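> Build me a model:
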Amino acid sequence: QVQLVESGGGSVQAGGSLRLSCAAYGYTWSRFCMGWFRQAPGKEREGVAAIDSDGGTSYADSVKGRFTISQDNARNTLYLQMNSLKPEDTAMYYCAARDCYSGVYVYNDWGQGTQVTVSS
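You can find the predicted model right below:
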């Protein structure tokens, strides 16, 4: 059974940092591409960062230069290092997985989410 489990959320003041982790269970890790998404109350879910099969990364404009996505292939774990946090970064953060080689850019597997709250 495949499962994604996020951790590392919390409450910080503006300007602070957090590192989110997403542990993947039951995956053939090398086959999957991972991403981070977030959803704030009353807003639609948005993509934050993604990493593809050759290690290339992409970021939402709102987090470029502040967030870094990475993965530890030995531990089947995805990370999101968040620096210079702003109140507008407050949201539930989710990791998600998609088959890199399916030809379809759809994330089919999602974690339960971890809450990030940034106070001013």
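> Please report the number of neighbouring residues for the closest residue to Ser30 other than its chain neighbours.
Leaving out its chain neighbours, the residue that sits closest to Ser30 by CB to CB, 6 or more residues apart in numbering is Asn73, at 7.4 Å. (C-beta placed from N, C-alpha, C; glycine too.) By other CB atoms under 10 Å, the residues close to Asn73 number 9.
> Surely Asn73 and Trp29 touch.
Yes: if you go by CB atoms under 8 Å, Asn73 and Trp29 touch, sitting 6.1 Å apart.
> For the protein, which residue occupies the most central location?
Trp36 (2.3 Å; CA atoms, centre = their mean).
> hang on, that one packs against Ala49?
Yes: using CB under 8 Å, Trp36 makes contact with Ala49 at a distance of 4.8 Å.
> any residues in contact with both of the two?
Shared contacts of Trp36 and Ala49, defined by CB atoms under 8 Å, 6 or more residues apart in numbering, are found at 69, 80.
> about what we covered before: ok, now which ones touch the residue nearest to the centre of the chain?
Trp36 neighbours (CB under 8 Å, 6+ apart): 20, 22, 47-50, 69, 78, 80, 93-96.
> mind checking how far stretch 104-120 is from the chain centre?
6 Å (CA atoms, centre = their mean, to the nearest Å).
> quick one: pLDDT of Ser17?
You'll see Ser17 listed with a pLDDT of 98.
> ranges for the strands of the protein?
Assigned by DSSP state E, the chain shows strands spanning 3-7, 10-13, 18-25, 32-39, 46-51, 57-59, 67-72, 77-82, 91-99, 109-110, 114-119.
> And the third one, what does it pack against?
Other elements packing on strand 18-25 under the criterion 3 or more CB pairs under 8 Å, 6 or more residues apart in numbering; DSSP states H and E are strand 3-7, strand 32-39, strand 77-82, strand 91-99, strand 114-119.
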